[in-house]
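[1] Sequence isn't available, so here's the structure alone:
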């Protein structure tokens, strides 16, 4: 961490969670971001967005000359941070008991001395309601109760096996540990229930540690993936699981808000909500790994959203709150300076008002696969879907804001167009497969959309598809065309398009979603990194087109851009720094998809091995 800035690099964090919320734990032992008690609740720790006002939960050695290491216990979401000295070793274990097993919101931290004699400092500084509400603190010998003065009236209890003090309203302790000695800290929500008795703190921590360890390893054991990159795919799957609300079945795009897509830039959005697009792709990735209960929970949640839309005689929203609410007002938090002074910091997301026609394609594709691999679709589900596809078959030609959520004028985007084709095509296939009556107009609409793509979005002179009708520009969403089986990955038109994309948007394995200067055209300020999601799309496109050696090479190069515990943010800067909200579901699900495809084709290809030998 730069002492002048007060901020760690975004990539210096691991995450822990309980399927209700997530905390970001720095490699230095500081929890610098956490919303509580739910993903989209106000923050209680947000030093990542304002190192002075945001609040944090620090456990650090008093000695400065320390080397830090961080890892997950294999096949779990339990984080281990090491403090390494010339004459000592300390270890910090962070985890949250999973709410599937344990109904309370609890954060557990256990610090131990492995070698030597180490002095530590603990500072727990909650800042309630995005640091906008003051709080009261009451202290006993081994516990502190923090009570928010805000409307939420949130009450937190910090319990420890060592004496705690109050310092300017914050929890504080300094203590020394010898080999085999430990200190435990439990932060819990007291709003509805009694807290954990302090006399039982140590045994409580040990019991929950064992249960949490067993839960995650049992979950990982259900995975059907046995390929070359098992550890990487497993870590991505574990992250996706953390982003699923056990309470609702919805899936968030990322656990953070306000992290910049460019340092000093203003594209600092809130991703703590459920985008139909992102969630549908997540479900697809989990289905490929053999996880069906998460898929069923999301399908139940999305079925409720479809029912609401049908009853209200409107199209579905592109995004929702985790509880299904439709209104997500965007507000700037003026009291936060922003990560490394990148402002404004926003909560809520004005994109919820946008039109993005592509979401029908992602959703319908996931429903089609759910019907095929998990459970046949019910009569009631088909009825509400029919209403949505009927609407889409009459409105697919509408202009919209597109996958990149432009804040300028609506346009006819290629990605939206071919995803409308996907939606209607999968609905037709599903109906035919189940011998369910379908609207015959769907077939005409599907075929009209197909021809529209080749007539309205093909640049004959440059021999490429373009990102919008009437434009000459490209964007990386075009990479999805062969992945969703709109066009053959070996079609000459596709191969020439891929060459143009490589020339204009790709540097080695790094892919821009569009030319940086195009941001102005989209109603946004210029400046952002490369999109890791698009890099994994690119590697899968190479694999499907038969360029297997190149696909594997670039895929494995992209794996080198993960942080120290295998996580990715939304974007990458050119010094390998992570940018945007962290960690992001979209990147990890694209990684899983690419790994599957490259793995399968490597197993099937004898020519690949002949090329390797020669």
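    Sure, I can see it. If you're wondering where the values come from, they're calculated on a predicted model, not measured in any experiment. Numbering: from 1, shown residues only.

[2] Residue 432 contacts residue 438, correct?
    Yes. Counting by CB atoms under 8 Å, residue 432 does reach residue 438; the two are 7.3 Å apart. All C-beta atoms are positioned from the backbone trio N, CA, C, and that covers glycine.

[3] who has more neighbours, the two?
    residue 438 (18 against 10; other CB atoms under 10 Å).

[4] Checking the residue nearest to the more buried one when sequence neighbours are not counted next. Helix, strand or coil?
    In this structure, residue 438 finds its nearest non-sequential neighbour in residue 431, 3.8 Å apart by CB to CB, 6 or more residues apart in numbering. When classified by DSSP: H, G, I helix; E, B strand; the rest coil, residue 431 comes out as helix.

[5] Tell me which residues touch residue 431, please.
    Residue 431 sits next to 382, 437-438 when contact means CB atoms under 8 Å, 6 or more residues apart in numbering.

[6] Restricted to helices, list those.
    Among the contacts of residue 431, the ones falling in helices (DSSP state H) are residue 382.

[7] Now do the helices in the stretch 101-250 of the chain.
    Using DSSP state H, counting those that start in this stretch, the helices of the stretch 101-250 of the chain run over 128-131, 201-221, 230-242.

[8] if we can go back for a sec, I'd like the contacts of residue 431 as a markdown table, with distance to residue 398 appended.
    Formatted as a markdown table, the contacts of residue 431 follow (distance: CB to CB, whole Å):
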| residue | distance to residue 398 |
| --- | --- |
| 382 | 24 |
| 437 | 26 |
| 438 | 22 |
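
[9] re earlier: select, out of the helices of the stretch 101-250 of the chain, the one closest to residue 334.
    In terms of CB to CB, the element of the helices of the stretch 101-250 of the chain nearest to residue 334 is helix 128-131, at 10.4 Å.

[10] Who are the packing partners of the closest one?
    strand 43-45, strand 143-148 (3 or more CB pairs under 8 Å, 6 or more residues apart in numbering; DSSP states H and E).

[11] Take these and lay them out in a markdown table including distance to residue 179.
    Below are the helices and strands packed on helix 128-131 laid out as a markdown table (distance: least, CB to CB, whole Å):
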| stretch | distance to residue 179 |
| --- | --- |
| strand 43-45 | 31 |
| strand 143-148 | 27 |
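
[12] what's the helix or strand residue 307 falls within packed up against?
    Per DSSP states H and E, residue 307 falls inside helix 293-311. When contacts are defined as 3+ CB pairs under 8 Å, 6+ apart, helix 293-311 packs onto helix 276-288, helix 359-373, helix 379-395.

[13] just the angle between the shortest one and helix 359-373, please?
    Think helix 276-288. 20 degrees (axes from the mean of the first three to the mean of the last three CA atoms, to 10 degrees).

[14] quick one: pLDDT of residue 99?
    As predicted, residue 99 sits at a pLDDT of 83.

[15] repeat for residue 408
    So residue 408 comes in at 84 (pLDDT).

[16] from what I can see residue 164 touches residue 146, true?
    No. Here residue 164 lies out of contact with residue 146, judged by CB under 8 Å, at a distance of 11.6 Å.

[17] Those two: who's more crowded?
    The residue with more neighbours, out of residue 164 and residue 146, is residue 146; 24 against 20, by other CB under 10 Å.

[18] Now do the shared contacts for residue 164 and residue 146.
    Joint contacts of residue 164 and residue 146 (CB under 8 Å, 6+ apart) are 158, 171.

[19] So what's the residue count around residue 224?
    10.
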